[in-house]
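Undergrad: Prediction below, plus the sequence it came from.
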Amino acid sequence: MPLITSLSSKQQGDKDHPEDVAWIDLDVTNPDDQEWLESQSNLQQETIQLLARTAPSNRRETLPDGLFVSVYGINANQSTDRHEFVSLRLLLEPRRIITAHTEPVRGVQEFLQEIGSGNGPENPADFLATLALRIARRMEGIIAEISEKTDALEDRVLEDQHDPPLEEMNALRRRVFHVRRHLANLKSLLDFIASDPSRYTDPSDIEALHGASSHVALYLETIEDTRQRTQLIFDQVQSQLSETMSRATYNLTIIATVFLPLGFLTGLLGINVAGIPEEHNPWGFWVVCSVLVAVAILAVGVLRWKRWI
């Protein structure tokens, strides 16, 4: 059976208070929880399907059963790899909240501890606002770690002009974009819900949602600043690579310019026809070599005179 908690009475499993808001937490990988969702939740099939499957990103949808919200967060003590972000689906009804997940969500246990001590959220809007704040604050350590790695990468790129860390830079940019996308979607979701006057008439509910949105915006500004810095690093690396390529192309052009007349002369003297100069002269080979050396020196002199080298 799913875990049922009363937000208002603060007592787990308390069903004797009709005015209480019930929180039902489901692990959809558990057959008993899945059975309850399909046969005892009194929800439409569309709502059941949304709660049972993992959404690809943060989203919200108004359904006949209530407001469906899907949010992504990350558990503590985990890396920032995108596959370790966990999805939590919520259905917000006037007197009931249903959460569904396929993986353990650390924030759920923290909610239970707070409710047991009398400090947890007391209504659906407060629940969603608190959850959004937890998701954003859990990413604070991730954002700080990304910022530190950006600092180290920035110093490395500016000091080392010969070995740009392309793989490390691209991996860091992917992490920045991934965290930024989730925070931006979370803020957009909160702003949309708070701006719906038909859903929440209590000013404190709207204030809680706007407060959560403001906190998420602060983290979003930080990760946006990091994104701009990684873009500058990327531009610097691209500039270094372009400079290296231009220098290599320039050197190859100089070499080709010097050897072009030499190749022409050796090719001309190598044709198998009569009348080749110095063909029967025992000193002919050395004469040709001397001419080639003189042509090469002349070519280098012209390039220096033009200040191309």
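TA: Right, received. Where do you want to start? Residues are numbered from 1 along each chain as shown.

Undergrad: Okay, domains of this protein per the record?
TA: 1-122, 251-305 (automatic domain parsing).

Undergrad: List the contacts of stretch 142-152.
TA: With CB atoms under 8 Å, 6 or more residues apart in numbering as the contact definition, stretch 142-152 has outside contacts at 74, 80, 172, 175-176, 179, 219, 222-223, 226, 229-230, 233. Backbone N, C-alpha and C define where each C-beta goes, glycine included.

Undergrad: In those, which has the lowest confidence score?
TA: Lowest in pLDDT among those is residue 80, which has 42.

Undergrad: hey, least reliable of the domains of the chain by pLDDT?
TA: domain 1-122 (a mean of 74).

Undergrad: do you know how far the residue nearest to the spatial centre of the chain is from residue 54?
TA: Nearest residue to the geometric centre of the chain (CA atoms, centre = their mean): residue 178, 2.1 Å. Going from residue 178 to residue 54 by CB to CB, to the nearest Å gives 16 Å.

Undergrad: Count the residues that sit near the residue lying closest to residue 127 once chain neighbours are set aside.
TA: Spatially, and ignoring its direct neighbours in sequence, residue 127 is nearest to residue 121 (4.2 Å; CB to CB, 6 or more residues apart in numbering). Neighbours of residue 121 under the rule other CB atoms under 10 Å: 20.

Undergrad: what kind of secondary structure is residue 121 in?
TA: Classification of residue 121 using DSSP: H, G, I helix; E, B strand; the rest coil returns coil.

Undergrad: now, which of the contacts of stretch 142-152 sits nearest residue 6?
TA: residue 74 (28.5 Å; CB to CB).

Undergrad: What strand or helix carries the residue lying closest to residue 194 once chain neighbours are set aside?
TA: Spatial nearest neighbour of residue 194, chain neighbours left out: residue 209 (3.7 Å); criterion: CB to CB, 6+ apart. For residue 209, the element it lies in under DSSP states H and E is helix 203-269.

Undergrad: Give the other helices and strands that that helix contacts.
TA: Judged by 3 or more CB pairs under 8 Å, 6 or more residues apart in numbering; DSSP states H and E, helix 203-269 is in contact with helix 124-138, helix 140-159, helix 166-194, helix 284-305.

Undergrad: Can you name the next helix or strand after the host helix or strand of residue 26?
TA: If you go by DSSP H and E, residue 26 is part of strand 22-27. Using DSSP H and E, the helix or strand that follows strand 22-27 in sequence is helix 31-39.

Undergrad: how far is that following helix from where the chain is centred?
TA: On the basis of CA atoms, centre = their mean, to the nearest Å, helix 31-39 sits 35 Å off its chain's mean C-alpha point.

Undergrad: Brilliant, that's me finished.
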